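1. sequence first, then the predicted structure, then my questions.
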Amino acid sequence: AQTVTQSQPEMSVQEAETVTLSCTYDTSESDYYLFWYKQPPSRQMILVIRQEAYKQQNATENRFSVNFQKAAKSFSLKISDSQLGDAAMYFCARLDSKLTFGKGITLSVRP
Amino acid sequence: NAGVMQNPRHLVRRRGQEARLRCSPMKGHSHVYWYRQLPEEGLKFMVYLQKENIIDESGMPKERFSAEFPKEGPSILRIQQVVRGDSAAYFCASSPPTSGKGTQYFGPGTRLLVL
């Protein structure tokens, strides 16, 4: 099975600090997309950021950016200036023929 | 512009009953996907539909589960003769009519509890 792996079950960050969430994936396709979704306690799935595999430039959305290493099949999410509202589960996902999710990581933010 | 709508948000069924979960995609979206999330796990793909067509049902259990997306009305995920193991959050997502690699936008989910 072609998997998406989030090896850290949980992380904690001090408010206003920076944190990086790791993700690796496996795929045999050349055309695919990668996503980070946030799931707060409400359990709504919220799109954080998207990366097209054919683009070399790392995607950025305000305080959220990715480090996409295609050869290593690595797709980490960096959250800068962490805020209390960033506390949630974060899921990495790969879209090729279908959207496949990792198991998620629980991020807590310390005030 | 309303997002993806799902109802009901919470559904309680007894073992052996039927569960019907509804999903209305975002305006202009013609692709619908259903996912299941068990506690402490990520979402697992179940089925991908377009209007009146099932495109990929490789994640659907072989028995008791069915899905449809009729020409008019919402997409329906139907679970017959529910068992306790069906208790989960069921999410619907939609994407615009692109090549199939469009970003998927999720509804709020339906929490199914089987007693």
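-> Received, thanks.

2. switch to C-alpha atoms for all contacts and neighbour counts from now on
-> Will do.

3. what residue is smack in the middle of chain A?
-> With distances taken as C-alpha atoms, centre = their mean, residue A:36 lies nearest the centre of chain A, 3.6 Å away.

4. state the distance from the closest residue to residue B:41 other than its chain neighbours to residue A:7.
-> Nearest non-adjacent residue to residue B:41, counting by C-alpha to C-alpha, 6 or more residues apart in numbering or on different chains: residue A:103, 5.2 Å away. Per C-alpha to C-alpha, to the nearest Å, residue A:103 is found 9 Å from residue A:7.

5. can you pick out the residue with more neighbours from those two?
-> residue A:103 (22 against 14; other C-alpha atoms under 10 Å in any protein chain shown).

6. got the contact list for that one?
-> Going by C-alpha atoms under 8 Å, 6 or more residues apart in numbering or on different chains, residue A:103 touches A:5-6, A:91, B:40-43.

7. same question, residue A:68
-> Applying C-alpha under 8 Å, 6+ apart, we find residue A:68 in contact with A:51, A:56, A:58, A:74-76.

8. most neighbours among the residues you listed, please name it.
-> residue A:75 (24 neighbours).

9. please name the bridge partners of that residue.
-> Bridge pairing for residue A:75 (DSSP bridges) gives the partners residue A:68.

10. next one: residue B:93
-> Residue B:93 has these beta-bridge partners by DSSP bridges: residue B:33, residue B:106.

11. check contacts around it.
-> Counted by C-alpha under 8 Å, 6+ apart, residue B:93 has contacts B:4, B:25, B:32-34, B:104-107.

12. get me the contact residues on chain B for chain A.
-> B:40-45, B:100-101, B:105-109 (C-alpha under 8 Å from any C-alpha of the partner chain).

13. of those, which pair is most distant in space?
-> B:40 and B:100 (28.4 Å; C-alpha to C-alpha).

14. what are the ranges of the strands in chain A?
-> Secondary structure of chain A (DSSP state E): strands located at A:4-5, A:10-14, A:19-21, A:24-25, A:33-39, A:46-52, A:60-61, A:64-69, A:74-79, A:88-95, A:99-101, A:105-110.

15. got the angle between the fifth one and strand A:64-69?
-> Here strand A:33-39 points in a direction 140 degrees away from that of strand A:64-69 (axes from the mean of the first three to the mean of the last three C-alpha atoms, to 10 degrees).

16. run through who's touching strand A:33-39.
-> Residues contacting strand A:33-39 (C-alpha under 8 Å, 6+ apart): A:45-53, A:75, A:77, A:88-96, B:101.

17. the third one now?
-> Contact with strand A:19-21 is made by A:8, A:13, A:76-80, A:82, A:105, as judged by C-alpha under 8 Å, 6+ apart.
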